[in-house]
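*Asks:* Whatever this is, show me its structure:
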Amino acid sequence: MKKSLLIAEDDEHILELLLSVFSRPDLHIHAARSGTEAIGLIDQHDIDVVLTDLVMPGGDGLAVLSHAKKTLGNCEVILMTGYGTVENAVQAMKLGAFHYITKPFKVVEVVHLVDRALEMTEMKKENIHLKQQAIGRYRFENIIGISEPIRQVLSLVAKVAGSDSTILILGESGTGKELIARAIHYNSNRADRMLVPVNCSAIPAELLESELFGHVRGAFTGAHIARTGRFETAHRGTIFLDEIGEMSPPLQAKILRVLQKQSFTPVGGTKAVDVDVRVIAATNKDLEKEITAGRFRQDLYFRLNVIPIHLPPLRERTDDIPVLAGHFLGKYAPESGQGVQGFRPDAMEAMKRYAWPGNVRELENLVERLVVLSRGGGWVEKNDLPPAMLRGGDRPGREAAEKLRNGGLDFRKAREDFENHLIRQALALSGGNRNKAAALLGLKRTTLLEMLKRKRLHGP
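*Replies:* Numbers count the residues shown, from 1 in each chain. Model (predicted):
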């Protein structure tokens, strides 16, 4: 869908230049040669971005700015000004202008600035759409799960959503950390403002600081214009810092300042920008272990860990597997046109015994794959499941049953083999972390260490 740009400029040469520059397939262009004409076009059309001169006949750029903000809630306004009117342009910023640019300007700077403004309007529209969906989608009762662990999580989320406290969501990959962050935001007093998610592991470290805090013009090579960062975009709303454990220590220091002072300095800037932002962070790493290794700041951890929320892995909430599988089946079966009716009991038992290292995300991917590969619908059989899932969990039991049928077994040795199998699984699932492995087995750490020593087990 085309986006709409209004160019208001009384200098015919500059107007013709800008019309030529922005004549492209993704834009619908409106032109005005006076403030009065620009205001009339704003009344007639759904404009995404206004690029207007500050000094024009029949109503100046400030009048255009004021009318656009009053008439079009998501519209962004960029002002063009001569050097003698920079003070007026700064005043316009306070009135809600997206940015200003001084004449004479470089065409590439104007293009980049307009593209950033178009991105902002798109983000605003998307956010409004998400907020409308969130009225129902992110209600606590719509988060799937009946197990006691997930009910405890949702009870805590309901208690903290209405506060402005910083929240740290901990959990393995695929457990639904972003889903919980969205539920907190859309059930908070900031629900009518923006939720700005940032995946700290997906943005290169050298770009992340500018992405979060923005930069001033000339801050580094290629910084032709100033750029607004994600924290400023999230003003009066919520910023979700996903995978914060991947952030470099120098950048962690700037995040600490935001939490302490509610202000930051853009890259290359000298003036602090004040913001009112609620911070929700998430990580799949053990931050205490990262602190010991010198990769994460302890003071930042204490600032983030005001209200910790631990999301249980799927293997600890097996009662939710049938419910989640049914939910995903209802999601993907209609989309594919396949009439998959459900899961056979033995297939569901195998799924409940599986360790699910990818958690809920892995379960959703499995259900989608089973639906796509099903032939004419029917029921999901045990043999339809991946081989790794069929091998998991019940192998020692099958071997013991086979020995019983073939004349008997050594009970003590069978019990020893089963214990060893469980310990190796726990160590594998915990990545060799013996504290976590002991917790998975419901044992004290000292008990597990004694068993490992006695059994001479060193890993999975």
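
*Asks:* so residue 25 sits in a strand?
*Replies:* No: going by DSSP: H, G, I helix; E, B strand; the rest coil, the assignment for residue 25 is coil, not a strand.

*Asks:* Let me see the contact set for it.
*Replies:* Shown in contact with residue 25 (CB atoms under 8 Å, 6 or more residues apart in numbering): residue 2. All C-beta atoms are positioned from the backbone trio N, CA, C, and that covers glycine.

*Asks:* Can you check what pLDDT the model gives it?
*Replies:* In the prediction, the pLDDT value recorded for residue 25 is 91.

*Asks:* Equivalent analysis for the one 4 residues further on, please.
*Replies:* Residue 29 carries a pLDDT value of 95.

*Asks:* ok, now residue 239?
*Replies:* Value for residue 239, per-residue pLDDT: 96.

*Asks:* how close does it sit to residue 311?
*Replies:* 19 Å (CB to CB, to the nearest Å).

*Asks:* Following element in sequence after the helix or strand bottoming out on mean pLDDT in the chain, please.
*Replies:* One helix or strand of the chain scores below all others by mean pLDDT, DSSP states H and E: helix 395-405, with a mean of 58. Per DSSP states H and E, the first helix or strand lying C-terminal to helix 395-405 is helix 411-429.

*Asks:* what's that next one packed up against?
*Replies:* Judged by 3 or more CB pairs under 8 Å, 6 or more residues apart in numbering; DSSP states H and E, the packing partners of helix 411-429 are helix 395-405, helix 434-441, helix 445-455.

*Asks:* Provide the angle between the direction of the shortest one and the direction of helix 445-455.
*Replies:* Read that as helix 434-441. With axes from the mean of the first three to the mean of the last three CA atoms, to 10 degrees as the basis, helix 434-441 and helix 445-455 are set at 100 degrees to each other.

*Asks:* Quick check: buried residues in the one helix or strand residue 157 maps to?
*Replies:* Using DSSP H and E, the element containing residue 157 is helix 148-160. By neighbour count with 16 or more other CB atoms under 10 Å, helix 148-160 contains the buried residues 149, 150, 153, 154, 156, 157, 160.

*Asks:* cool, stretch 100-117 as well?
*Replies:* 100, 101, 110, 111, 112, 113, 114, 116, 117.

*Asks:* I'd like those residues written out as JSON lines, with secondary structure, pLDDT and distance to residue 382 added.
*Replies:* Listed next are these as JSON lines, based on DSSP: H, G, I helix; E, B strand; the rest coil; pLDDT from 0 to 100; distance: CB to CB, whole Å:
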{"residue": "100", "secondary structure": "strand", "pLDDT": "83", "distance to residue 382": "66"}
{"residue": "101", "secondary structure": "strand", "pLDDT": "86", "distance to residue 382": "65"}
{"residue": "110", "secondary structure": "helix", "pLDDT": "91", "distance to residue 382": "63"}
{"residue": "111", "secondary structure": "helix", "pLDDT": "92", "distance to residue 382": "58"}
{"residue": "112", "secondary structure": "helix", "pLDDT": "90", "distance to residue 382": "57"}
{"residue": "113", "secondary structure": "helix", "pLDDT": "90", "distance to residue 382": "59"}
{"residue": "114", "secondary structure": "helix", "pLDDT": "92", "distance to residue 382": "58"}
{"residue": "116", "secondary structure": "helix", "pLDDT": "88", "distance to residue 382": "53"}
{"residue": "117", "secondary structure": "helix", "pLDDT": "90", "distance to residue 382": "55"}
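
*Asks:* State the pair within the residues you listed that is farthest apart.
*Replies:* 100 and 111 (15.6 Å; CB to CB).

*Asks:* still on that earlier bit, reformat the buried residues of stretch 100-117 as CSV; add distance to residue 228.
*Replies:* Formatted as CSV, the buried residues of stretch 100-117 follow (distance: CB to CB, whole Å):
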residue, distance to residue 228
100, 13
101, 14
110, 16
111, 17
112, 13
113, 11
114, 14
116, 8
117, 10
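
*Asks:* quick check, nearest of the residues you listed to residue 440?
*Replies:* When these are compared against residue 440 (criterion: CB to CB), the nearest one is residue 116, at 47.7 Å.

*Asks:* for that closest one, what are its contacts?
*Replies:* Residue 116 makes contact with 98, 99, 225, 227, 228, according to CB under 8 Å, 6+ apart.

*Asks:* And residue 176, by the same measure?
*Replies:* 143, 311, 359, 360.

*Asks:* quick one: which of these sit in helices?
*Replies:* Among these, the ones falling in helices (DSSP state H) are 359, 360.

*Asks:* sorry, back to before: sort out for me which of the contacts of residue 116 are in strands.
*Replies:* Counting by DSSP state E, these place residue 99 in strands.

*Asks:* pLDDT check: weakest of the contacts of residue 116?
*Replies:* residue 225 (78).

*Asks:* Quick check on that one: phi, psi?
*Replies:* phi -140, psi 160 (degrees, to the nearest 10).

*Asks:* now do residue 180
*Replies:* According to degrees, to the nearest 10, residue 180 has phi -70, psi -40.

*Asks:* what pLDDT does it get?
*Replies:* Looking at residue 180, its pLDDT stands at 95.

*Asks:* Give the burial count for it, as a bare number.
*Replies:* 25 (other CB atoms under 10 Å).

*Asks:* how about the nearest residue to it, chain neighbours excluded?
*Replies:* Once flanking residues are discounted, residue 180 sits nearest to residue 169: 5.7 Å by CB to CB, 6 or more residues apart in numbering.

*Asks:* ok, and the one you found, which helix or strand is that part of?
*Replies:* Going by DSSP H and E, residue 169 is part of strand 167-170.

*Asks:* And the contacts of that strand?
*Replies:* Contacts of strand 167-170 (CB under 8 Å, 6+ apart): 160, 177, 180-181, 184, 279-284, 287, 304-311.

*Asks:* Paired strands for that strand, with orientation please.
*Replies:* Partners of strand 167-170 in the sheet, by DSSP bridges, are strand 278-283 (parallel), strand 307-310 (parallel).

*Asks:* Would you mark the buried spots in the next helix or strand after the shortest one?
*Replies:* If I follow you right, that is strand 307-310. Scanning forward in sequence from strand 307-310 by DSSP H and E, the next helix or strand is helix 320-336. Using 16+ other CB under 10 Å as the burial criterion, the residues of helix 320-336 that qualify are 320, 321, 324, 325, 327, 328, 329, 332, 333.

*Asks:* mind checking pLDDT for the third one?
*Replies:* Looking at residue 324, its pLDDT is 94.

*Asks:* so what's it up against?
*Replies:* Neighbour list for residue 324: 144, 145, 314, 360, 363, 364 [criterion: CB under 8 Å, 6+ apart].

*Asks:* If we use 10 Å, what do you get?
*Replies:* Residue 324 sits next to 144, 145, 146, 150, 314, 317, 351, 360, 363, 364, 367 when contact means CB atoms under 10 Å, 6 or more residues apart in numbering.

*Asks:* The stretch 1-150 of the chain: strands as residue ranges?
*Replies:* For the stretch 1-150 of the chain, the strands defined by DSSP state E, counting those that start in this stretch occupy 3-8, 27-32, 49-53, 76-81, 99-102.

*Asks:* partners of the first one, with directions?
*Replies:* Strand partners for strand 3-8, identified by DSSP bridges, are recorded as strand 27-32 (parallel), strand 49-53 (parallel).

*Asks:* Thanks again, I'm all set now.
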